[in-house]
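S.K.: Below is the sequence, then the predicted model.
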Amino acid sequence: MAGSWFEWLVYYLIAINFVAFAAFGLDKAFAETGGRRISERRLIEWAMLGGTPGAYAGRYLFRHKTRKISFSDRLHGVAMLQGALLIGGYLYYLYG
């Protein structure tokens with residue numbers, strides 16, 4: 001098998017962040033033109049799958065979903081959970 005698990009993880013994270021970023025741009029365009037929207041649940045799912053940086057970047061660049069408090073709370077919750085998991089994993093690696 002070509003490549004290490006770490007290399008594949010990096011490719012996955014690049015891809016999922018691109019998808020999350022693009023989804024915010026598409027949903028903003030759909031909102032402005034009256035097209036079929038991408039559900040908030042789907043946007044949060046892509047963040048949960050590792051696309052949180054892409055979601056935040058798309059949210060900022062496209063100025064989309066920035067005033068909806070309930071959505072913001074869920075996205076921030078996902079980011080905090082992922083941060084806690086990263087810190088926990090790092091500490092386990094160091095001391096486990």
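M.R.: On my side now, so go ahead. This is a predicted model, so every value here is computed, not measured.

S.K.: What is the lengthiest helix in the chain packed up against?
M.R.: If you go by DSSP state H, the chain has its longest helix at helix 5-33. Judged by 3 or more C-beta pairs under 8 Å, 6 or more residues apart in numbering; DSSP states H and E, helix 5-33 is in contact with helix 40-46, helix 52-62. (Glycine included, C-beta is placed from N, CA and C.)

S.K.: Which among the ones you listed is found nearest to Ser70?
M.R.: Closest to Ser70 of these is helix 40-46 (C-beta to C-beta; 8.4 Å).

S.K.: now the strand or helix carrying Leu86 against helix 52-62, angle please.
M.R.: Following DSSP states H and E, one finds Leu86 within helix 69-95. In terms of direction (axes from the mean of the first three to the mean of the last three C-alpha atoms, to 10 degrees), helix 69-95 departs from helix 52-62 by 150 degrees.

S.K.: Now do helix 69-95, average pLDDT.
M.R.: For helix 69-95, mean pLDDT is 97.

S.K.: helices or strands up against it?
M.R.: Helix 69-95 sits against helix 40-46, helix 52-62, with contacts defined as 3+ C-beta pairs under 8 Å, 6+ apart.

S.K.: May I see the buried residues of it?
M.R.: Phe71, Arg74, Leu75, Val78, Ala79 (16 or more other C-beta atoms under 10 Å).

S.K.: Serialize those to JSON lines and add fields for distance to Asp27.
M.R.: JSON lines is the format used below for those (distance: C-beta to C-beta, whole Å):
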{"residue": "Phe71", "distance to Asp27": "11"}
{"residue": "Arg74", "distance to Asp27": "15"}
{"residue": "Leu75", "distance to Asp27": "13"}
{"residue": "Val78", "distance to Asp27": "17"}
{"residue": "Ala79", "distance to Asp27": "19"}
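
S.K.: What is the nearest of these to Glu45?
M.R.: Closest to Glu45, out of all of the buried residues of helix 69-95 and judged by C-beta to C-beta, is Val78, at 9.4 Å.
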